[in-house]
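Participant: Below is the sequence, then the predicted model.
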Amino acid sequence: MRKTLPARARPVLHRAADPCDETLSDYPAAQQPDWPDRTEVADVRDTLSEREDVVGPAEVLQLRSLLARAAEGEFCVLQAGDCAEDPADTGVRAVARKIGMLDTLAEIMRVGSGRPVLEVGRIAGQYAKPRSQNVENVDGHELPVYRGPIVNSPEPTAEARRPDPGRILDAHEAALGVRASIGRLGRGTGADPAGRIWTSHEALLLDYEVPLVRRMPGGRSYLASTHWPWIGERTRRSDGAHVHLLSTVVNPVAAKVSAKAPIEDVLKLCEQLDPYRTPGRLTLIPRFGAARIGELAPLVRAVRDAGHPVLWLCDPMHGNTVVADDGLKVRWLEDIMNELRQFVRIVTGEGGACAGLHMEASPSEISECHGAGITASRGPGYTTLCDPRLNLTQAVALTAHWQPEAAHELRTELAS
């Protein structure tokens, strides 16, 4: 039986007027679970609204300021971590391994770019996952899909897959535990920019995110669940609840976009999330895939011409996922590296702020992606809760291809 963790009271801060009912009823809300008991969900939301913040407003504004400097070329950005976090990985040892991976990759990026690196983990909140279908067939039985540990369990049984609102509070407690471990390692509040570990996750589950909206002095609101929330490809619709939510908070925000996204839709998204065209506010994370990354140039050009000072981060993972004949999800390192190389060349060539790299990776000795001497296969090395991740060796090989300065020099040479 899942253990329910004890409540942890939140210090007295200004609570924002709860926009949850408006967000969930007045705007389309994609990728939300079919909760069996909405009354229990309402109770969980009320409890969560009184729980401790995962991040504070000063930290959020500090990261936004640093990202503004990244938009000017002062920093690179590395964003990496699990596809879906395991809520059990809250202790110092587990968190230290993840930070060690970030440090290794950031140093490679620093050497390759000649710039300091902002280290951002997919950590302390990456507990929900979007899915392409609501149900799946397992051995002839139709089951709800696994939506991450904040919603249900991956075991293929009806009981395990039943959405459980109590998991929301457990996930929040896990996020607080990760934050505490980051602090005990000296990488939290008080660390200098080059040593700080910033948190990020996809702001997907509205019943988790909305109760953690807080009011700042002066009336502005911020999202206290993470420093840097992002919207996924499946929830970026401009009239949707997720975009509405992130448009109301002062956090730096990001949005993933695929090759299927019409340019006019992305421009509308930019207008909604960054109407004042403020450096550091908005990051776009293309996930086009190696076969279609060449289509990125018109989008970079259109966003630049519209005056949006966005940062561009490359997600070379999601557009390169394939399903093997046996149903196993795999990715090929060669495709991932190819997309990154083209991304750097295109964004730099179009005058965009080529800022960094976003990847799903693990410090563990996993074998979920092909390449660097690894053949992905079912077994003890395939442990992801959702999508395949790079192991550390593969992540190092990918990061070594982050060379925006070389692309800039080539562009200058060709133009002269």
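Facilitator: Ah, there it is.
Participant: Could you grab the helix/strand/coil label for residue 45?
Facilitator: Of the three states, residue 45 takes helix under DSSP: H, G, I helix; E, B strand; the rest coil.
Participant: tally of neighbours for the closest residue to it other than its chain neighbours?
Facilitator: Nearest residue to residue 45 in three dimensions, chain neighbours excluded: residue 211, at 4.7 Å (Cβ to Cβ, 6 or more residues apart in numbering). Quick note: C-beta positions are derived from backbone N, CA and C, even for glycine. Neighbourhood size, residue 211 [other Cβ atoms under 10 Å]: 24.
Participant: Residue 66 now?
Facilitator: There are 20 residues near residue 66, going by other Cβ under 10 Å.
Participant: That one contacts residue 311, correct?
Facilitator: No: using Cβ atoms under 8 Å, residue 66 is not in contact with residue 311, being 10.9 Å away.
Participant: Where do the strands of the stretch 301-416 of the chain begin and end?
Facilitator: 311-314, 321-323, 329-331, 353-360 (DSSP state E, counting those that start in this stretch).
Participant: Pairing partners for the second one, with directions?
Facilitator: Okay, so that is strand 321-323. Using DSSP bridges, strand 321-323 pairs in its sheet with strand 329-331 (antiparallel).
Participant: centre of the chain versus the strand it pairs with, how much separation?
Facilitator: Mean-position distance between strand 329-331 and its chain equals 19 Å (Cα atoms, centre = their mean, to the nearest Å).
Participant: Adding mean pLDDT, distance to residue 32 and mean neighbour count, write the strands of the stretch 301-416 of the chain out as JSON lines.
Facilitator: Formatted as JSON lines, the strands of the stretch 301-416 of the chain follow (pLDDT from 0 to 100; distance: least, Cβ to Cβ, whole Å; neighbours: other Cβ atoms under 10 Å):
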{"stretch": "strand 311-314", "mean pLDDT": "98", "distance to residue 32": "26", "mean neighbour count": "27"}
{"stretch": "strand 321-323", "mean pLDDT": "93", "distance to residue 32": "23", "mean neighbour count": "13"}
{"stretch": "strand 329-331", "mean pLDDT": "94", "distance to residue 32": "23", "mean neighbour count": "20"}
{"stretch": "strand 353-360", "mean pLDDT": "97", "distance to residue 32": "23", "mean neighbour count": "25"}
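Participant: Those strands: which one's closest to residue 57?
Facilitator: strand 311-314 (21.3 Å; Cβ to Cβ).
Participant: Give the other helices and strands that the closest one contacts.
Facilitator: helix 57-71, strand 76-81, strand 282-286, helix 333-349, strand 353-360 (3 or more Cβ pairs under 8 Å, 6 or more residues apart in numbering; DSSP states H and E).
Participant: Other residues contacting that strand?
Facilitator: 67, 70-71, 77, 79, 254, 280, 282-286, 300, 339-340, 343-344, 347, 352-358 (Cβ atoms under 8 Å, 6 or more residues apart in numbering).
Participant: what residue ranges in the stretch 51-200 of the chain score low on pLDDT?
Facilitator: Applying pLDDT under 70 to the stretch 51-200 of the chain flags no residue at all.
Participant: could you pull out the helices for it?
Facilitator: 57-71, 92-113, 158-161, 166-184 (DSSP state H, counting those that start in this stretch).
Participant: which of those helices sits most buried?
Facilitator: For those, the largest average neighbour count (mean count of other Cβ atoms under 10 Å) is found in helix 166-184, namely a mean of 21.
Participant: tell me how far that helix is from the chain's mean position?
Facilitator: The answer for helix 166-184 is 17 Å, by Cα atoms, centre = their mean.
Participant: Output the helices and strands packed on strand 311-314 in JSON lines, with distance to residue 155 appended to each entry.
Facilitator: Shown next, in JSON lines, are these (distance: least, Cβ to Cβ, whole Å):
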{"stretch": "helix 57-71", "distance to residue 155": "36"}
{"stretch": "strand 76-81", "distance to residue 155": "23"}
{"stretch": "strand 282-286", "distance to residue 155": "31"}
{"stretch": "helix 333-349", "distance to residue 155": "30"}
{"stretch": "strand 353-360", "distance to residue 155": "22"}
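Participant: So which of those is nearest residue 384?
Facilitator: strand 353-360 (8.3 Å).
Participant: how distant is the closest one from the center of its chain?
Facilitator: 11 Å.
Participant: Can you list the helices and strands that it packs against?
Facilitator: helix 57-71, strand 76-81, strand 117-122, strand 311-314, helix 333-349, helix 392-399.
Participant: partners of the fourth one in the sheet?
Facilitator: This means strand 311-314. Strand pairing for strand 311-314, determined by DSSP bridges: strand 282-286 (parallel), strand 353-360 (parallel).
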